[in-house]
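K.L.:
Return a 3D structure for these sequence lines:
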Amino acid sequence: MADYSVKLLAKKPVTHNVNAYTVEKPAGFTYSPGQATDFSILKDQWAAEKRPFTFTSLPTSDTLEFTIKSYTDHEGVTNALTHVQPGDSFEISDAWGAIEYKGEGVFLAGGAGITPFLAIFRDLYSKGQVGVNQLFFSNRTTADIILKEELEQILGEHFFNLISGENAGGYHHGRIDKAFLQKHITNFDQPFYVCGPDAFTESILKTLEELGASAEALIFEK
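P.N.:
Numbering: from 1, shown residues only. Okay, the predicted model is just below:
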C-alpha cells in the first residue's frame with residue numbers, strides 16, 4: 001500500500017469539536033464514497049501515529065476532505081489536529097474500507113460514525129440518486145450533530161435525529177435500540193449501513209439480526 005505526503009490547504013469548524021480539513025489530492029488518487037485511509041501528521045512525534053479517517057469529499061473533487069472529531073481530553077492525534085495550520089503536512093495511504101453503497105436502505109450512525117455516510121450521501125445527491133434512503137443519527141446533544149443542515153437538505157423527511165443526553169424540543173430522546181428499530185422500520189429485508197463507536201455498532205448489528213436482517217445486508221467496517 002502506497003503512502004502520500006499531502007499539505008493541509010484549509011481547516012474550518014463544523015461543530016464545537018469537529019473540523020473539516022481540506023488537503024491536497026495526489027495525482028491519480030482514487031477512492032469510493034465510504035472508504036478511509038491511514039492518516040498521520042508529519043510533525044514531531046505524530047508521524048508514526050497512524051489513525052483511520054474517512055474521506056468526506058466527493059471522489060470527483062480536486063482536493064480531499066476529512067471531517068474529524070477531536071477528543072481534547074487526552075493528548076492524542078485528534079487533539080493534535082486542533083493545532084495544525086494550512087501548509088502543515090499529513091501522510092495518507094491508499095484508500096481501504098468495507099463501507100460502500102449497495103442500494104437504498106437504512107443508515108444508522110452514532111456521533112462521528114456519520115463520516116463515511118457523508119461521502120455516500122454527497123455522492124448520491126450530486127447524481128440525483130438519494131431516493132428513499134433513511135438516516136437515523138444518534139448524538140448525545142444537539143450541539144454534537146454534524147452537518148445537520150446539509151443532511152436535512154439531502155434527505156429531507158428521511159433524516160431522523162436521536163438525542164440521548166438532553167431533552168431537546170423537536171428531537172426524539174433516547175437511543176437506537178430494539179424497541180426504536182421495531183417502531184420505525186417495517187422492512188428488514190434491505191441494506192443496513194452501520195457506523196459509530198464499537199459498542200454502538202455491535203449492539204445495532206446484533207439487534208438487526210434478531211429482527212430478521214440477513215448478515216449479507218449489514219454493511220459496516222469489519
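
K.L.:
domains of this structure?
P.N.:
Listed domain ranges for the chain are 3-93, 106-219 (source: automatic domain parsing).

K.L.:
What is the end-to-end distance of stretch 151-163?
P.N.:
16 Å (C-alpha to C-alpha, to the nearest Å).

K.L.:
Would you map the strands across the chain?
P.N.:
Along the chain, the segments classed as strands by DSSP state E run 3-15, 18-24, 36-41, 51-54, 63-69, 89-93, 106-110, 134-139, 159-163, 172-173, 192-195, 218-219.

K.L.:
weakest of those strands by average pLDDT?
P.N.:
Least confidently modelled of the strands of the chain is strand 172-173, at a mean of 92 by mean pLDDT.

K.L.:
Run me through the strand neighbours of that strand, direction for each.
P.N.:
Sheet pairing for strand 172-173, assigned by DSSP bridges, gives strand 159-163 (parallel).

K.L.:
and the angle from the strand it pairs with to strand 106-110?
P.N.:
Angle, strand 159-163 to strand 106-110, by axes from the mean of the first three to the mean of the last three C-alpha atoms, to 10 degrees: 30 degrees.

K.L.:
chain center to strand 159-163: distance?
P.N.:
Distance of strand 159-163 from its chain centroid, counting by C-alpha atoms, centre = their mean, to the nearest Å, is 15 Å.

K.L.:
now stretch 37-46
P.N.:
Stretch 37-46 sits 20 Å away from the centroid of its parent chain (C-alpha atoms, centre = their mean).

K.L.:
Next, format the strands of the chain as a markdown table and append mean neighbour count and distance to residue 146.
P.N.:
Using the backbone N, CA and C atoms, a C-beta is placed for each residue, glycine as well. Shown next, in a markdown table, are the strands of the chain (neighbours: other C-beta atoms under 10 Å; distance: least, C-beta to C-beta, whole Å):
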| stretch | mean neighbour count | distance to residue 146 |
| --- | --- | --- |
| strand 3-15 | 14 | 6 |
| strand 18-24 | 20 | 6 |
| strand 36-41 | 21 | 16 |
| strand 51-54 | 20 | 12 |
| strand 63-69 | 21 | 7 |
| strand 89-93 | 20 | 21 |
| strand 106-110 | 26 | 9 |
| strand 134-139 | 22 | 8 |
| strand 159-163 | 19 | 11 |
| strand 172-173 | 14 | 17 |
| strand 192-195 | 24 | 12 |
| strand 218-219 | 19 | 20 |
